[in-house]
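Undergrad: Sequence first, predicted model second:
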Amino acid sequence: MKISATSIMLIIGMIIFAIYINAVGIGSLIAEITSINIFVLIIAILIDILCIGLFTLSWYVFLGNPGMKFRKCFEIVLVSIFGDLMIPTASISGEFLRISLTAKRGEISISKAFTSVILHRIVLALTFGLILLMSSILLLSQNLIGSYTLFTIAIVDIFIIVSSICAVKKFYKLRKLIERVVLKIGRILKRFRPDYNMESLKNKISINFERIEMCFSNFRLNTFTFSFIILTLRWFLIAMIPYIMFISLGYEISYWIVLSVSALMSMVQMIPVGIPGMIGIMEVSTTAFFISFGISPSMAASVTILMRVVTFWFELFLGAMAASIQGIRGLKGLSNSMQS
């Protein structure tokens, strides 16, 4: 029986996780994890739901579509989370789902859906750099190891994103260059496929560029600012999930350390390793980040696993439910169209 590449990567992730558990010590892990107050886990889950809601709201404002209700957007975000967790491709799988479902359910063009996601990702990356910069400066004042590394990552991220924003603003000037590149690719394809329609490609390029330009022309600074504030608040709330777990386990820790590690976790998730859910990789990375700030291995691993219960397993369950609902609706729509 042939084993799929995804199954192989999942097995590799589980092996890494098993080695990780064995290295930390399963006895100490169980003792600390079971001592957590269940009420704290419930609060962490509620915070996570609120963070997903804020993420949705920060993207929803870019759509500007009265026919696209917030509830629909929330469901689409859950499906995209499920896609990212199951198919880790640096968020490409999740964003593809977000764009396609938005265009379908919101009855808007792919170009507008694509533009809203691009703008949202730019703001998200900008807030990531700002949060990391802020926390690294505060940690530098405490002479903590790793602060200079965080500071460097934050500066690089902000530079890249500001450059991206400038590129978006000069989109009109880049249009001719992009068109030439796409048409060259089309000519290469025509060599292998003589029946390839170049005129159709030119028309599609022109139409899509006009739509994207229209979306960018409707861009408003107040929308960008509102999304920026919402996403910044979200970063602070995400860090509260591990922070309250540390406090519940009786461990005093700087909130800024937790905020830095929470931001770095999102950066690790962007690495296209190919292991579903980044099982093993996320646990090892997050624990290593906490240990680098002087936290004991057993405490770092305990909080990491508890975090993953909320930010992975719980979100995987929500995403699976949302994907199932979307699938059922799709089947009903297909059935109704066949009957009519």
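TA: Cool, the structure landed.

Undergrad: tell me the helices in this structure, going along the chain?
TA: Along the chain, the stretches classed as helices by DSSP state H are 5-24, 26-33, 38-63, 70-86, 92-105, 110-140, 147-169, 171-192, 198-217, 221-248, 255-269, 281-292, 297-308, 315-339.

Undergrad: Relative to residue 275, which of the ones you listed is closest?
TA: Smallest distance to residue 275 across those (Cβ to Cβ): 3.9 Å, for helix 5-24. Every residue, glycine included, has its C-beta placed from N, CA and C.

Undergrad: Please look at residue 241 and residue 309 and confirm they touch.
TA: No - judged on Cβ atoms under 8 Å, residue 241 makes no contact with residue 309 at a distance of 10.1 Å.

Undergrad: okay, those two: which has more neighbours?
TA: The residue with more neighbours, out of residue 241 and residue 309, is residue 241; 23 against 16, by other Cβ atoms under 10 Å.

Undergrad: Any idea how many residues pack against residue 181?
TA: For residue 181, using other Cβ under 10 Å, the count is 10.

Undergrad: Quick check: it vs residue 188, distance?
TA: The gap separating residue 181 from residue 188 is 11 Å, by Cβ to Cβ, to the nearest Å.

Undergrad: contact partners of stretch 77-96?
TA: Residues from elsewhere that reach stretch 77-96 (Cβ atoms under 8 Å, 6 or more residues apart in numbering): 6, 52, 55-56, 59, 97-98, 101, 117, 121, 269-278, 312, 315-316, 318-323, 326.

Undergrad: For it, measure first residue to last.
TA: One end of stretch 77-96 to the other measures 11 Å (Cα to Cα, to the nearest Å).

Undergrad: Give the buried residues for it.
TA: 77-88, 91, 93-96 (16 or more other Cβ atoms under 10 Å).

Undergrad: re earlier: of the contacts of stretch 77-96, buried ones?
TA: Among those, those classed as buried by 16+ other Cβ under 10 Å are 52, 55-56, 59, 97-98, 101, 117, 269, 273-278, 312, 315-316, 318-320, 322-323, 326.

Undergrad: can you put the helices of the chain in a markdown table and add mean pLDDT?
TA: Converted to a markdown table, the helices of the chain look like this (pLDDT from 0 to 100):
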| stretch | mean pLDDT |
| --- | --- |
| helix 5-24 | 84 |
| helix 26-33 | 83 |
| helix 38-63 | 93 |
| helix 70-86 | 88 |
| helix 92-105 | 83 |
| helix 110-140 | 82 |
| helix 147-169 | 67 |
| helix 171-192 | 67 |
| helix 198-217 | 62 |
| helix 221-248 | 92 |
| helix 255-269 | 86 |
| helix 281-292 | 89 |
| helix 297-308 | 92 |
| helix 315-339 | 69 |
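
Undergrad: For residue 128, give its distance to residue 112.
TA: Here residue 128 is placed at a distance of 25 Å from residue 112 (Cβ to Cβ).

Undergrad: ok, how many other residues are close to the residue nearest to residue 237 when sequence neighbours are not counted?
TA: Take residue 237 and drop its neighbours on the chain: the residue closest to it by Cβ to Cβ, 6 or more residues apart in numbering is residue 51, 5.3 Å away. Residue 51: 20 surrounding residues under other Cβ under 10 Å.

Undergrad: surely residue 51 meets residue 239?
TA: No - between residue 51 and residue 239 there is no contact under Cβ under 8 Å: 10.1 Å.

Undergrad: pLDDT wise, what is the nearest residue to residue 257 once chain neighbours are set aside at?
TA: Once flanking residues are discounted, residue 257 sits nearest to residue 293: 4.9 Å by Cβ to Cβ, 6+ apart. Confidence at residue 293, expressed as pLDDT, is 84.

Undergrad: residue with max distance from the center of this protein?
TA: Going by Cα atoms, centre = their mean, the residue of the chain most distant from its centre is residue 194, 40.2 Å out.
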